[in-house]
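**Student:** Show me how the following folds:
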Amino acid sequence: QVQLVESGGGLVEPGGSLRLSCLAAGFNLPYYSIGWFRQAPGKEREGVICRRSSDGRVDYAASVKDRFTISIDNLKNTVYLQMNSLKPEDTAVYYCATLVANIPRDWGQGTQVTVSS
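**Tutor:** The predicted structure follows:
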């Protein structure tokens, strides 16, 4: 059974950093394309950053490029989202998801990130 569990969210001041974790169970994470998504109040869910398993290519949303990075710890079967220089507009619930043909398939439960002073 595929399961994704996010953690690491919280309250951070503008300009600060957070690292989100997504622990995968039931499948071998490095062999899957994986992405991070977010949904702010009153807005649609949007893609933030995605990593393609076939060649390791990473695609970023323009709003997070040069601030967010994605990485995978194969031994821990965990994908991370490192977020730096956070802005109030980054406030959202963040989700990780497996991708099949670039379409999200399996979702975690989400973790709240709030950027505020």
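
**Student:** Run through the strands of the protein in chain order.
**Tutor:** Taking DSSP state E to define them, one finds strands in the chain at 3-7, 10-12, 18-25, 33-39, 46-51, 58-60, 68-73, 78-83, 92-100, 103-107, 111-115.

**Student:** Now do the second one: everything it contacts.
**Tutor:** Looking back up the chat, that one is strand 10-12. 18, 86, 112-116 (Cβ atoms under 8 Å, 6 or more residues apart in numbering). All C-beta spots, glycine's among them, are computed from the backbone N, C-alpha and C.

**Student:** Give me the below-cutoff pLDDT ranges for this structure.
**Tutor:** Counting by pLDDT under 70, the chain has no low-confidence residues at all.

**Student:** center of it - which residue?
**Tutor:** The centroid of the chain falls nearest to residue 36 when counting by Cα atoms, centre = their mean (2.8 Å).

**Student:** Spit out the contact partners of it.
**Tutor:** 20, 22, 47-50, 68, 70, 79, 81, 94-97.
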